[in-house]
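> with the sequence up front, the predicted model follows.
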Amino acid sequence: MGPSFNEQFDQHGAWRRAFAQQLKQLAEWMSSHELMDASVQERLQRLESQVRTDKVMVAFVAEFSRGKSELINAIFFADYGRRIMPASAGRTTMCPTELGYDAEFAPSLRLLPIETRLQMHGLAEWRLRPERWQEIPLDVNDPDQIAKALEKVAEVRRVSLDNARALGFWHDDLVDENPIPDANGLVEVPMWRHAIINIPHPLLKQGLVILDTPGLNAVGAEPELTVNLIPQAHAVVFILSADTGVTRSDLSIWREHLATSTESLDGRLVVLNKIDTLWDSLNSAEQIQAQMVRQVNTAAEMLGVSPDKVVPVSAQKGLVAKISADDLLLETSGLPVLEEALAKGIMGQRQAILRAAVATGVAGLRAETGRVINIRRRDLDDQMAELRSLRGKNASVIESMRQRIEQEQHEFDLSASKIQAVRAVHLKLLRDVFQQLGSKALKVELAELAQLLQQKGLKLGVKKIYVQTFDKLRGTLDKAQASGTEIQAMLGGTFRQLNAEFGFSLQVPPPPQLEHFSHDLSQIEQSHLQYLGLGNSLKLAQPEFSERLVRALAMRLRTVYESAANDLELWSKSATAQLDAQLRERRRSFARRMEAVDRIQQAASGLVERIAEIEEGEGELIQLEHRLQELTSQLIAPPAADPAAPEESAVDLALPLS
């Protein structure tokens, strides 16, 4: 049995910190040797921030009373020696609940009142208005106080049908989904719309975010949850109950919110919880095992996944076993198997993604820095040739060389106007791309779909407009890709000319590839598609639901567009940064050459001293090149073993500065 999820995540955190530290070392070394400019610094800071602040979100999704909160307690909070999330019989977590840690906030539970659903603002907008949240401080040294405070996520209130209808929890035409009114005609709705728990738990401090979602009725009432938060989770744990199997409401959640496409199944794990209900003392161990296997196979078949994606577990027994240190009960509960599946799946993926991002970024930086070092080496070679040619020459020859250097510098300065003209065209093309990917342009592209969805009554023809809208969105990304290629071709021509005229070694990086953003759009399109089917036609007939859907969709699309624009901007900066670096090095070279001539004119020994300095400088450049290779090799090289393996540690990544 491999390490538990907690142990594996702890190792992942140590790996990230060591990786970030090595990136910081690289930045400090480059800065100390004048190899750092604003663009390189920004790229290194982005890489370091990406590694150091990387978040891993695990979403737990289930219908009510499947033991979801108990499973969260068993996996993450058993060290407290008691339940932290409310997990009593019946409904517990009534509102979507995020558990994470942000050092900028004190440990607390923040609750967004359910009445905010009467306004059209999405959750992301409410996050920016802290005054609307109720905040309860948490004492991190008192597990009982934390558990008592977290009971509030289970609070409910009873409201009239009109109020429930306005809040999105009652639909006149969807009888099966509505809560049951009591004797007074009131129905039960959650007290809170969203909860954010901020505590310095070791795993949460290292970037883990846990999303605990309520049942089908509450999930379906919050499009932003199902459209934005759940699809962006790195892993989704879908929980069934072994004593009931796959019910109709389980199947509805799975089909409508989790299995929207074949690709979406990759990050899904099914847990068959409460297997202890099958532990019948009248049956033999073989009979119990056979019954469990049947339940697993049946669930897998109904959900359309392979049986190895269904993990039988008893969260309650697993929690008891951890608290009481009962290894046999823990193994019997099946919890270690689930933790290992989570650890391998999530940690392996995250490290692979981070390694790839860092390796690509550092490889580009190493190539650019290598070109700067080569420019310095070539300038030193040119200076050495010039100075050796002056041996034994008189003052007039030295003065002639000064004039030649001044003429070269003058011609070089004249090229600045040409470079500025190219930059002006480059920036104009880039601004045009940013406008295409801006929020105003996105709003225009969504206008027809938004107008149709917000009309009263049935939305006839909405699927056709929906498909056309996404075709336009992908077309915008295609135009952005074409613009990037055009900019790359223009810079390529300019770079070739500068290389020929001034001996530069400029290379335009390949244009940014935006295909994966088009792929993201297709995934978003599929994840929203179920809302436009016949099953949701009655919900869509309500303007409030449609408007929330449009807002959630626009927010997700804006994230894609902004990410594409950021990639283009970073590519543009990397393309022009090497030009700035080589221009700067050439100006330094002119200054050093003039200084050398002045020293030779002023003293007879100046020539010998300068030649010795250049020889020493060439040796330093060789050392710089070796050190650059050393500092970047481990950041670029693939791991020697499984990226999720525990052997890799901070010690393996440590490199001393020199």
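Good, I have the coordinates.

> can you pull out the strands in the stretch 301-450 of the chain?
310-312 (DSSP state E, counting those that start in this stretch).

> what stretches of it score poorly on pLDDT?
347-348, 390-395 (pLDDT under 70).

> where along it do the helices fall?
Assigned by DSSP state H, counting those that start in this stretch, the stretch 301-450 of the chain shows helices spanning 315-324, 327-333, 335-342, 348-389, 395-436, 439-453.

> quick one: closest of those to Asp471.
Closest of the helices of the stretch 301-450 of the chain to Asp471 is helix 439-453, at 10.2 Å (criterion: Cβ to Cβ). Yep, even glycine has a C-beta here, placed from its N, CA and C like the rest.

> who touches the closest residue in space to Lys68 that isn't next to it in sequence in this structure?
Closest residue in space to Lys68, ignoring its immediate chain neighbours: Ala62 at 4.4 Å, by Cβ to Cβ, 6 or more residues apart in numbering. Residues near Ala62 by Cβ atoms under 8 Å, 6 or more residues apart in numbering: 68, 213, 215, 238-240, 250, 253.

> 10 Å - rerun?
68-69, 71, 93, 212-216, 219, 237-241, 249-250, 253, 271, 273 (Cβ atoms under 10 Å, 6 or more residues apart in numbering).

> with Arg584 instead?
Per Cβ under 10 Å, 6+ apart, neighbours of Arg584: 34, 37, 372, 375.

> can you lay out the residues you listed as a markdown table showing neighbour count and distance to Arg627?
Listed next are the contacts of Arg584 as a markdown table, based on neighbours: other Cβ atoms under 10 Å; distance: Cβ to Cβ, whole Å:
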| residue | neighbour count | distance to Arg627 |
| --- | --- | --- |
| Glu34 | 12 | 14 |
| Asp37 | 18 | 18 |
| Val372 | 22 | 14 |
| Ile375 | 22 | 17 |
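
> would TSV of these with distance to Gln22 be doable?
Below are the contacts of Arg584 laid out as TSV (distance: Cβ to Cβ, whole Å):
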residue	distance to Gln22
Glu34	21
Asp37	21
Val372	21
Ile375	26
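
> of those residues, closest to Glu301?
Ranked by distance to Glu301 (Cβ to Cβ), those are led by Asp37 at 58.9 Å.

> residue contacts, the closest one?
30-31, 368, 372, 573, 577-578, 580-581, 584.

> filter those residues to the buried ones?
30, 368, 372, 573, 577-578, 581 (16 or more other Cβ atoms under 10 Å).

> re earlier: need phi/psi at the residue nearest to Lys68.
Per-residue torsions, Ala62: phi -170, psi 160 (degrees, to the nearest 10).

> from Leu71, how far out is it?
Distance from Ala62 to Leu71, counting by Cβ to Cβ, to the nearest Å: 9 Å.

> the longest helix in the chain is where?
helix 543-602 (DSSP state H).

> whatever helix or strand comes next after that one packs against which elements?
As assigned by DSSP states H and E, the chain's next helix or strand after helix 543-602 is helix 606-636. Counting contacts by 3 or more Cβ pairs under 10 Å, 6 or more residues apart in numbering; DSSP states H and E, helix 606-636 packs against helix 5-32, helix 348-389, helix 543-602, helix 650-653.

> let's see 6 Å
Packing partners of helix 606-636 (3 or more Cβ pairs under 6 Å, 6 or more residues apart in numbering; DSSP states H and E): helix 348-389, helix 543-602.

> all strands for the stretch 101-250 of the chain, in order.
Counting by DSSP E, counting those that start in this stretch, the strands of the stretch 101-250 of the chain are 108-113, 134-137, 156-159, 187-190, 192-198, 208-212, 235-241.
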